[in-house]
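> Curious how this folds, go ahead:
(2 chains)
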Amino acid sequence: MGNTVKKKKKRRPYLWFMLPGLIFYCMFMIIPLIATSFLSLSSWDGLGELTFTGIENYKRLFLDPANAATYWNAFGNNMKFILCEYFIIVPIQVGVAYMLYSKIRWYKFFQAIFFLPYVLSTAVIAFFGTIFFNASFGIVNKALLTLGVSRVNLPGWLADPKMMFPILIGIGIWSSATIGMLIILSNMKNVSYETIESSTIDGAGSFQRFLYIILPDIGPGMINVLVLDIIWGITLFDLPYMLAGTFGGMDGRLDFVNMYFYRIAFGSGSMSRLNIDLGYAATIGTVTFLFILLFTSVMNFALGKVKVWNE
Amino acid sequence: MKKKLGHKSWLITLICLLYSSIIILLLFITLISSFKDSTEIVTDIFALPSMWNFRHYIEVITQNHFLKSMWNSIFITGVSITGLLIVSSMLAYGYARYDFKGKSFLQTFILLGMMFPIQLGVLINYRIINALHLVNTPWGLILIYIGNLSLAAFLFMRFFKKLPEALAESAKIDGANEFTIFFRIMMPLSKPILGTVALVSGLTIYNDFYMPLIFLSGEQRTATVMLQECLSSFLFFIEKVFPMVVISVIPVILMYLLCSKQLIEGLTAGAEKT
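Residues are numbered from 1 along each chain as shown, chains lettered A, B, ... in the order given. You can find the predicted model right below:
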């Protein structure tokens, strides 16, 4: 960093430049994060006295039968979602990115279509999901009817608890895979053209080229995608909330940690304000915070390794 | 030359075409259904409307005050973006142009915000905004959105590091002070990055659901929240949901058609570093 400025006066102009941003950032980002973890060690309904309770909330979260069941179910769903991201969504992202990279026919048009859902809000995405998968008048079932499937055999889609999770994943791929795809694509574009050209001369087919040249080269970029996937997977809220409601639908099949957090922190429906327990909600938030911290550290460690391999 | 690369298999093209036509069909159905009555929608979602009337658009605007919600969304987005651009560009400029102790720590510190979504601090944020008496006003949300400046600051940092130092130095010799240099010389040079940041962050804020859900209700609701509320009792609001979707999607689709290239650039740049 060679940006030295001769300090003629003893003033520090950089401070004045950075101060407003730092104040906003600390006040609405850093302090809330830190204070949440302190709050997790206490009991508070938001109005009365705040009492220090130590790790009581954590015991309740992990061990207390009534609460832990809900939490572990939600957490399990988060894990399931992350696994689906890794084993279904990431391969699709890589595949589509490679298609765009290798400039398939009309790729500019297809790229525009693939990236379109990114600009739409989750509410609009959920709306599309509804008109697509609605059991009685949705597009899929209407199409199946026209194709001659009898009304009795029509799948229930969103009304069928077993199909909710796969549909969530499907809509997730369609709507949110974009960012990862972009990162992977831009990493592919950075692979030097000469390497690729020489491989073509050596007679490598496009699949071999993909497997042996491009895939190893996008390693570091992939780690970023995997990290973003963890963050996305553990903080998931909008889509399941919209598809299945505050409680995550039947049997809590679409219940996620963040939705449980929301119910405890802000109450909802049958759980009135009486049930609000900010200390306990903070505990849920803190566990998520630690989860992200742990996994990003692990991934960054792995990233260091990948860099070493590539040298 | 580069054209030799890549497969031109018709199978892949066909699959992509099929996928694209589904998406276009979805958009088309949404548009035509916004002119239909609920019975018409339920009986055959593919059929064209028996008559094209704007009745539901008018209802959505006059009865549900959807334009008010749209205005809330746009107002919050506009003000947040303005604040965010000023605050984060200054922060990044101060960071990139000067050397000082703890610089690398500061970078890590600022990037932390990209790891932890604002949702995680919402409990305390709610208390802070409540203490400022700004719950259920646009201003509470605006403050939080400006505070969530990691991505914007990061994009600006990258940009300012690349700007030649000589520019600022020569202006300094002419007697301009630091802030004049920043606002008169650096800002005009930063137009492309200003656009990118405005686009990427603006989209996130306009489409945000979680924060408005918690902080706003009634008159103050944003378009996304109102849309979701109607969506949650879909059958009841069915003929209103379609016009709402059309209205709320118009600005983003327009923006997408006009600046998709810049948007994609900004998104990729922001994601390259975690």
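
> give me the low-pLDDT residue ranges for chain B?
Low-confidence segments of chain B (pLDDT under 70): B:1-8, B:270-274.

> What are the structural domain limits within it?
According to automatic domain parsing, chain B comprises the domains B:2-53, B:59-272.

> so how far is the shortest one from its chain's centroid?
In this case it means domain B:2-53. Distance of domain B:2-53 from its chain centroid, counting by Cα atoms, centre = their mean, to the nearest Å, is 25 Å.

> Likewise for stretch A:52-62?
So, by Cα atoms, centre = their mean, the centroid of stretch A:52-62 is 27 Å from its chain's centroid.

> thinking again about what came up before, would you convert the domains of chain B into TSV that also reports distance to A:Arg263?
Placement of C-beta: from N, CA and C, glycine included. Putting the domains of chain B into TSV (distance: least, Cβ to Cβ, whole Å) gives the following:
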stretch	distance to A:Arg263
domain B:2-53	31
domain B:59-272	12
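
> need the helices for the stretch 1-150 of chain A, in chain order.
Using DSSP state H, counting those that start in this stretch, the helices assigned to the stretch 1-150 of chain A run over residues A:13-25, A:31-39, A:56-62, A:65-84, A:90-101, A:107-119, A:122-133, A:139-146.

> Quick one: closest of these to B:Trp139.
Of all the helices of the stretch 1-150 of chain A, it is helix A:13-25 that lies closest to B:Trp139, at 13.1 Å by Cβ to Cβ.

> If you count neighbours, what's buried in the closest one?
A:13-14, A:17-18, A:20-22, A:24-25 (16 or more other Cβ atoms under 10 Å in any protein chain shown).

> returning to what we had before: please work out which of the domains of chain B is packed deepest.
domain B:59-272 (a mean of 19; mean count of other Cβ atoms under 10 Å in any protein chain shown).

> quick one on the thing from earlier: and chain B, which of the buried residues of helix A:13-25 reach it?
Near chain B, taking Cβ under 8 Å from any Cβ of the partner chain as the test, the members of the buried residues of helix A:13-25 found are A:13-14, A:17-18, A:20-22, A:24-25.

> Out of the buried residues of helix A:13-25, which one has the weakest pLDDT?
In terms of pLDDT, the lowest of those is A:Pro13, showing 79.

> pretty sure that one is touching B:Tyr98, no?
Yes - assessed by Cβ atoms under 8 Å, A:Pro13 is found in contact with B:Tyr98 at 6.9 Å.

> Confirm B:Pro49 sits in a strand?
No - assigned with DSSP: H, G, I helix; E, B strand; the rest coil, B:Pro49 falls outside any strand and is coil.

> Can you list the neighbours in contact with stretch B:146-164?
A:3, A:21, A:24-25, A:27-29, B:80, B:83-85, B:87-89, B:91-93, B:95-97, B:107, B:110-114, B:118, B:186, B:189-190, B:193, B:196-197, B:200-201, B:266, B:269-270, B:273 (Cβ atoms under 8 Å, 6 or more residues apart in numbering or on different chains).

> what's the answer for stretch A:106-122, then?
Taking Cβ under 8 Å, 6+ apart as the rule, stretch A:106-122 contacts A:96, A:99-100, A:104, A:125, A:174-176, A:178-179, A:181-182, A:238-239, A:242, B:13, B:16, B:19-20, B:23-24, B:203, B:206-209, B:223-224, B:227, B:248-249, B:252-253, B:255-256, B:260, B:263-264, B:267.

> rerun at 6 Å
By Cβ atoms under 6 Å, 6 or more residues apart in numbering or on different chains, the residues outside stretch A:106-122 that reach it are A:100, A:174-175, A:178, A:238-239, B:16, B:20, B:23, B:203, B:207, B:209, B:224, B:252, B:256.

> ok, so of those residues, who is nearest A:Trp72?
A:Leu239 (21.1 Å).

> so what's the closest one up against?
A:Thr122 are the contacts of A:Leu239 under Cβ under 6 Å, 6+ apart.

> and the helix or strand where A:Ile184 lies, average pLDDT?
Using DSSP states H and E, the element containing A:Ile184 is helix A:178-190. Averaging pLDDT along helix A:178-190 gives 84.

> Tabulate the CA atom coordinates of that helix in CSV.
Output of helix A:178-190 as CSV, limited to C-alpha atoms (Å, rounded to 0.1, in the frame of the first residue of the first chain):
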residue,chain,number,x,y,z
THR,A,178,-27.9,-16.6,-9.6
ILE,A,179,-25.2,-15.0,-7.4
GLY,A,180,-23.2,-18.2,-7.1
MET,A,181,-23.5,-18.7,-10.8
LEU,A,182,-22.1,-15.3,-11.4
ILE,A,183,-19.1,-15.8,-9.2
ILE,A,184,-18.3,-19.2,-10.8
LEU,A,185,-18.8,-17.7,-14.3
SER,A,186,-16.4,-14.8,-13.6
ASN,A,187,-13.9,-17.2,-12.1
MET,A,188,-14.1,-19.3,-15.3
LYS,A,189,-13.5,-16.2,-17.4
ASN,A,190,-10.3,-15.6,-15.5
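
> Quick one: the helices in the stretch 201-311 of chain A, in order.
Under DSSP H, counting those that start in this stretch, the stretch 201-311 of chain A gives helices at A:206-209, A:215-217, A:219-234, A:238-244, A:257-266, A:278-310.

> Of those, which is nearest B:Ile124?
helix A:278-310 (8.3 Å).

> any idea of the mean pLDDT for the closest one?
Rounded mean pLDDT across helix A:278-310 is 83.

> Give the buried residues for it.
A:278-289, A:291-292, A:295-296, A:299, A:303.

> For residue 218, which non-adjacent residue is closest in space?
Reading this off chain A. Once flanking residues are discounted, A:Ile218 sits nearest to A:Asn187: 4.1 Å by Cβ to Cβ, 6 or more residues apart in numbering or on different chains.

> meant chain B actually
B:Asn136 (7.5 Å).

> Next one: that neighbour from A:Ile34, what distance?
According to Cβ to Cβ, to the nearest Å, B:Asn136 stands 26 Å off from A:Ile34.

> A:Glu194 too?
In this structure, A:Glu194 and A:Ile34 are 49 Å apart, going by Cβ to Cβ.

> Between those two, which is the more surrounded one?
Taking neighbours as other Cβ atoms under 10 Å in any protein chain shown, A:Glu194 and A:Ile34 compare with A:Ile34 leading, 14 against 8.

> And the pLDDT at the residue in the stretch 101-250 of chain A positioned nearest to chain B?
Nearest to chain B in the stretch 101-250 of chain A, going by Cβ to the nearest Cβ, is A:Ser102, at a distance of 3.1 Å. As predicted, A:Ser102 sits at a pLDDT of 82.

> phi, psi of it?
Reported as degrees, to the nearest 10, the phi and psi values for A:Ser102 are phi -80, psi 10.

> what do you get for A:Leu154?
phi -60, psi 140.

> residue contacts, B:Trp52?
Applying Cβ under 6 Å, 6+ apart, the residues near B:Trp52 are B:Phe35.

> what are the phi and psi values for it?
Torsion angles, degrees, to the nearest 10, at B:Trp52: phi -90, psi 100.

> A:Ser176 versus that one, what's the distance?
Counting by Cβ to Cβ, the gap from B:Trp52 to A:Ser176 is 34 Å.

> how close does B:Leu257 sit to A:Ser297?
41 Å.

> Report the rounded mean pLDDT for stretch A:155-173.
pLDDT averaged over stretch A:155-173 gives 89.

> what's near enough to touch the residue nearest the centre of chain A?
Centroid-nearest residue in chain A: A:Trp232, 1.4 Å away (criterion: Cα atoms, centre = their mean). By Cβ under 6 Å, 6+ apart, no residues touch A:Trp232.

> again, only using 8 Å
A:85, A:176.

> Ramachandran angles for A:Pro155?
The phi/psi pair for A:Pro155 (degrees, to the nearest 10) is phi -70, psi 150.

> My understanding was that it contacts A:Ala143; is that so?
No - taking contacts as Cβ under 8 Å, A:Pro155 lies outside contact range of A:Ala143: 11.9 Å.

> Now list whatever residues contact both of those two.
Joint contacts of A:Pro155 and A:Ala143 (Cβ under 8 Å, 6+ apart) do not exist.
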